[in-house]
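Engineer: I'd like to go over a predicted model; first the sequence, then the structure.
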Amino acid sequence: MNRRTLLTLGAALGLTSVAAPGAAWSWSPSRSVARSGTGVDPLWVWDDEIDAIMASVLDAGKVPAVNDAIGPWVDNDHPVPAGLPTDLAGFLQRSTRLPDWADRDKLRLAADFNRRKDLYLFLIYGLGGGIMSTVIPREAKSVYWSKGGADMQDRAAKTFTFGYDLTDLNAYEPDGQMIVTANKTRMVHAAVRHLLPQSPYWKAVADETIPISNMDILVTFHSTGTFAHQTMKKWGIRMSAAEEEAFLHHWQVALHFLGVRDEYIPATWADAHAQSEQVLTPLLAPTPEGKDLAEVLLGLTAQVDLGVTRGFLNEFVVYQLGEDVAEWLNLKRDPASRALIRTVWPAYIKFREGLIPVAPVSFRLFDQFVKALGMAFLNKGESGKTTPITIPDGNRPGV
């Protein structure tokens, strides 16, 4: 076991997050980057063109050939690979273009902000957003019964590539990888939409017929990006108004590349938080699948040399997500770690942000923990490479 085990957390799990039915959709498209739209509930909107293409790829047994073709396709300025079905190649030619409303200056500012705040962000995405995704009922069921659910370390290592490329300094530049990575993820989502409805195990527990709608991807965004913005504000991490706007913008572009209609992508953080309160907050709840996933993820992470105990990890999850999550996931509590985190962490943040002149007691423990966690992500594991995103060809085997 090495640092790659830490890739079990973060945006990884959240990338296929799916929402539970709640109140009728009432968020106005006037609050989106498009500023207008149909108002159709995104719970009933998927990704029709690529869904049909990937269904054809799967039914024709072409998944191995497609995976071979997209394997070397990495950088944003790489041409769409040869050897793909004509309709898939044509789709990717169009879907790899930045939207007209994308602002490269904002994307570059966001990249610089991510670089300077990366240790905080990977902690928030990992122990916060990653574990939050296990208490999103539909997400937990879909992840558990998909092919990747049978090998969470491998699955999370693959989906970690999305989180790393999103926060990379060159994310949307020609030599970056985010545009290609988002499109590969979009293809995976389309494949899962075709595969999971064929699983009797998933169908037995699901209350939906097709997973990963536009609503589901929005829930993913709120359990990662919106949660990160909220947490950084709560922790007192310094952000200028321009940096906050840029941080949102790099997520807006990512959502567009994942196939979310522009009419659902929030235009401002106020719009994003309002949407999150409707589609994410009310649905959090435990499931047997979620409990199993959380235990696997935290167990793998505890084996990484972070300089802290499993009890400390549990308490940091609770510190970010609250007591309900501790109860839902049956997290073993550690009173000493709880007291340490709640006393020292706020002072640690203030010192690192230059708000107090003297490092708090136990500064070294927290610094080692945060840096080890961050470097496990930033180093892309000890091999120095991310795990390639590949198209699945089946579901989790029955047990």
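Structural biologist: That came in fine, so what should we check first? Numbers count the residues shown, from 1 in each chain.
Engineer: report the contact partners of the residue lying closest to residue 395 once chain neighbours are set aside.
Structural biologist: Counting by C-beta to C-beta, 6 or more residues apart in numbering, residue 395 lies nearest to residue 199, which is 4.2 Å off, once chain neighbours are set aside. C-beta: built from backbone N, CA, C; applies to glycine. Residues in contact with residue 199 (C-beta atoms under 8 Å, 6 or more residues apart in numbering) are 145, 395-396.
Engineer: secondary structure class for residue 25?
Structural biologist: The assignment at residue 25 comes out as coil when based on DSSP: H, G, I helix; E, B strand; the rest coil.
Engineer: quick check: phi and psi on residue 264?
Structural biologist: phi -110, psi -10 (degrees, to the nearest 10).
Engineer: quick one: contacts for it?
Structural biologist: 27, 29, 32, 37, 42, 45, 214, 218, 255.
Engineer: right, and the last one touches residue 265 too?
Structural biologist: Okay, so that is residue 255. Yes. Here residue 255 reaches residue 265: they are 5.0 Å apart, a contact under C-beta atoms under 8 Å.
Engineer: quick one, helices of the stretch 201-350 of the chain?
Structural biologist: For the stretch 201-350 of the chain, the helices defined by DSSP state H, counting those that start in this stretch occupy 214-221, 227-235, 241-257, 269-279, 288-302, 310-321, 323-328, 335-352.
Engineer: err, the stretch 51-200 of the chain, not the other one
Structural biologist: 63-70, 86-95, 104-116, 118-123, 131-132, 137-145, 152-167, 178-195, 200-205.
Engineer: out of everything not next to it in sequence, what's closest to residue 50?
Structural biologist: That would be residue 190: by C-beta to C-beta, 6+ apart, it lies 4.6 Å from residue 50.
Engineer: that neighbour contacts residue 54, doesn't it?
Structural biologist: Yes. Between residue 190 and residue 54 a contact is recorded at 3.8 Å, counting by C-beta under 8 Å.
Engineer: residues that sit against both of those two, list them.
Structural biologist: With C-beta under 8 Å, 6+ apart, residue 190 and residue 54 have no common neighbours.
Engineer: top of the contacts of residue 199 by number of neighbours, please.
Structural biologist: residue 145 (26 neighbours; other C-beta atoms under 10 Å).
Engineer: now that one, nearest residue through space, not along the chain?
Structural biologist: Distances taken as C-beta to C-beta, 6+ apart put residue 202 closest to residue 145, at 3.9 Å, once the chain neighbours are dropped.
Engineer: which stretch among the helices of the stretch 51-200 of the chain comes nearest residue 249?
Structural biologist: Closest to residue 249 of the helices of the stretch 51-200 of the chain, according to C-beta to C-beta: helix 104-116, at 4.2 Å.
Engineer: which helices and strands sit right next to the closest one?
Structural biologist: helix 152-167, helix 241-257 (3 or more C-beta pairs under 8 Å, 6 or more residues apart in numbering; DSSP states H and E).
Engineer: just so I know, which of the ones you listed lies nearest residue 84?
Structural biologist: Nearest of the helices and strands packed on helix 104-116 (C-beta to C-beta): helix 241-257, 17.9 Å.
Engineer: which strands and helices lie in contact with that closest one?
Structural biologist: helix 104-116, helix 178-195, helix 214-221, helix 227-235, helix 269-279.
Engineer: one more time with 6 Å
Structural biologist: Applying 3 or more C-beta pairs under 6 Å, 6 or more residues apart in numbering; DSSP states H and E, we find helix 241-257 packed against helix 104-116.
Engineer: got the contact list for the helix it packs on?
Structural biologist: Outside helix 104-116, the residues that touch it by C-beta atoms under 6 Å, 6 or more residues apart in numbering are 167, 169, 171-172, 243, 246-247, 249-250.
Engineer: from those residues, list just the buried residues.
Structural biologist: 167, 171-172, 243, 246-247, 249-250 (16 or more other C-beta atoms under 10 Å).
Engineer: turn these into JSON lines, columns for pLDDT and distance to residue 332.
Structural biologist: Shown next, in JSON lines, are the buried ones among the contacts of helix 104-116 (pLDDT from 0 to 100; distance: C-beta to C-beta, whole Å):
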{"residue": "167", "pLDDT": "87", "distance to residue 332": "31"}
{"residue": "171", "pLDDT": "95", "distance to residue 332": "38"}
{"residue": "172", "pLDDT": "97", "distance to residue 332": "42"}
{"residue": "243", "pLDDT": "98", "distance to residue 332": "38"}
{"residue": "246", "pLDDT": "98", "distance to residue 332": "40"}
{"residue": "247", "pLDDT": "98", "distance to residue 332": "34"}
{"residue": "249", "pLDDT": "98", "distance to residue 332": "40"}
{"residue": "250", "pLDDT": "98", "distance to residue 332": "37"}
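Engineer: for these, which two are the farthest from each other?
Structural biologist: 172 and 243 (16.4 Å).
Engineer: list the contacts of residue 178.
Structural biologist: 165-166, 171-172.
Engineer: residue 266 - nearest residue in space that isn't next to it in sequence?
Structural biologist: Per C-beta to C-beta, 6+ apart, closest to residue 266 is residue 272, 3.8 Å.
Engineer: before we move on, what about residue 36?
Structural biologist: residue 29 (5.6 Å).
Engineer: any chance of the contacts of residue 199 in TSV, plus distance to residue 294 and pLDDT?
Structural biologist: Output for those, formatted as TSV (distance: C-beta to C-beta, whole Å; pLDDT from 0 to 100):
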residue	distance to residue 294	pLDDT
145	16	94
395	21	96
396	17	93
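Engineer: and those residues, which is closest to residue 207?
Structural biologist: residue 145 (13.4 Å).
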